[in-house]
Each structure stands twice: as C-alpha cells, then as structure tokens.
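Visitor: sequence unknown, structure follows:
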C-alpha cells in the first residue's frame, strides 16, 4: 500500500501546526501564572546562534507552505516574519492552516515525481516524494521540536503528548 502525497503532506503539516497551537496556549497560561512577560518566551532561544521561538514558528509555517507550493508549482503566500506576540504567532498559524486547507488530494496527484530544487545554493534536485520524505518533513518537525524544546527550557508545562497531538 502506498501513501498518497496528500496524506504525506497536508495532514502531517496540520498535525504539527496543531501541536504548535497547543504550545502557545500552554505557554500563554504559564506566562500568566508565573507573571512572566510573554515577550521573554517569544524571543527565547536554546542557543545564541539559533532562531528564537518566533523564528521556529515562522520556519515551520514556511516549510509547510513552500513544500506544497513547490510540489504544485504554485506560489505560496508571503508572510512578513515580524511576529512578536502569542497572538501574532496564532495568526500566522491560522493563515498557514487556511493555505493548507486549500489543497485537495487531486491537486497533489503525481507530484511524487515532480523535480524539486532544494532551496539554497546547493542546486540539489529531488523527486517530490524524496523531497518531502528527506527534506521538507524533517525540516518541519525540526522546527516544531525546537519550539517544544525552547518552551520546556523556559519551564512551560508541555510534554511529549503535546508534541504528538
């Protein structure tokens, strides 16, 4: 049995975005309970050379929308990458979810063979199925897991069940 490109992308990205929404709810409640300025959590990093929490949300959103755009040879919506609050991040997730919801299974039929050039300067070209399996999904989940780790590092009460959805 093979997995369709739709099932390999849209529901997977939606699930990760739902985890990110749960993190925001729990982080916001934690900030209120502990009297922490929410900006501290939104700008928190695991290491000085890593993106802050807001950047993890931005990259997860970008990975999901650009993966589908590349597979379907369409343009993804552009977002400013200026989110500075929990509500800003929620809005970005909502816009990403709305974009993902616009894709049908039929729109992704045959995209496993479409040649996708990896972003950046590498010039590497992969078939769509390999691009999703070896680049887009690992990249997406890296940013979801890093958002998780940032909030755990800051003391927010999130756990594995929140990650798994």
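Guide: Ah, there it is. If you're wondering where the values come from, they're calculated on a predicted model, not measured in any experiment.

Visitor: from here on, just use CA atoms for contacts and neighbour counts.
Guide: Fine.

Visitor: any low-confidence regions in this protein?
Guide: 1 (pLDDT under 70).

Visitor: same thing but 90
Guide: Applying pLDDT under 90 to the chain flags the ranges 1-3, 119-123, 165.

Visitor: for it, what spans make up the helices?
Guide: 5-34, 38-42, 53-72, 86-101, 128-131, 137-153, 160-164 (DSSP state H).

Visitor: what residues of the fourth one count as buried?
Guide: Right, helix 86-101. 86, 89-90, 92-97, 99-100 (16 or more other Cα atoms under 10 Å).

Visitor: so it versus helix 5-34, what angle?
Guide: 170 degrees (axes from the mean of the first three to the mean of the last three Cα atoms, to 10 degrees).

Visitor: the helices of the chain: which one's closest to residue 118?
Guide: Among the helices of the chain, the nearest to residue 118 by Cα to Cα is helix 128-131 (7.8 Å).

Visitor: stretch 152-165: how far from the chain's middle?
Guide: 16 Å (Cα atoms, centre = their mean, to the nearest Å).

Visitor: what does that stretch contact?
Guide: If you take Cα atoms under 8 Å, 6 or more residues apart in numbering as the criterion, stretch 152-165 is touched by 15-16, 18-19, 22-23, 26-27, 30, 41, 44, 46, 145, 148, 151.

Visitor: stretch 77-91 spans what distance, first to last residue?
Guide: 14 Å (Cα to Cα, to the nearest Å).

Visitor: what does it contact?
Guide: Residues outside stretch 77-91 that contact it (Cα under 8 Å, 6+ apart): 21, 24, 28, 38-39, 42-43, 54-55, 57-58, 65, 92, 99.

Visitor: any idea how far the residue nearest the centre of the chain is from residue 12?
Guide: Centrality entry for the chain: nearest residue to the mean C-alpha point is residue 60, 2.2 Å, by Cα atoms, centre = their mean. Distance, residue 60 to residue 12, using Cα to Cα: 12 Å.

Visitor: same deal with residue 92?
Guide: 17 Å.

Visitor: in stretch 156-165, what's buried?
Guide: For stretch 156-165, the neighbour count (16+ other Cα under 10 Å) marks 156, 158, 162-163 as buried.
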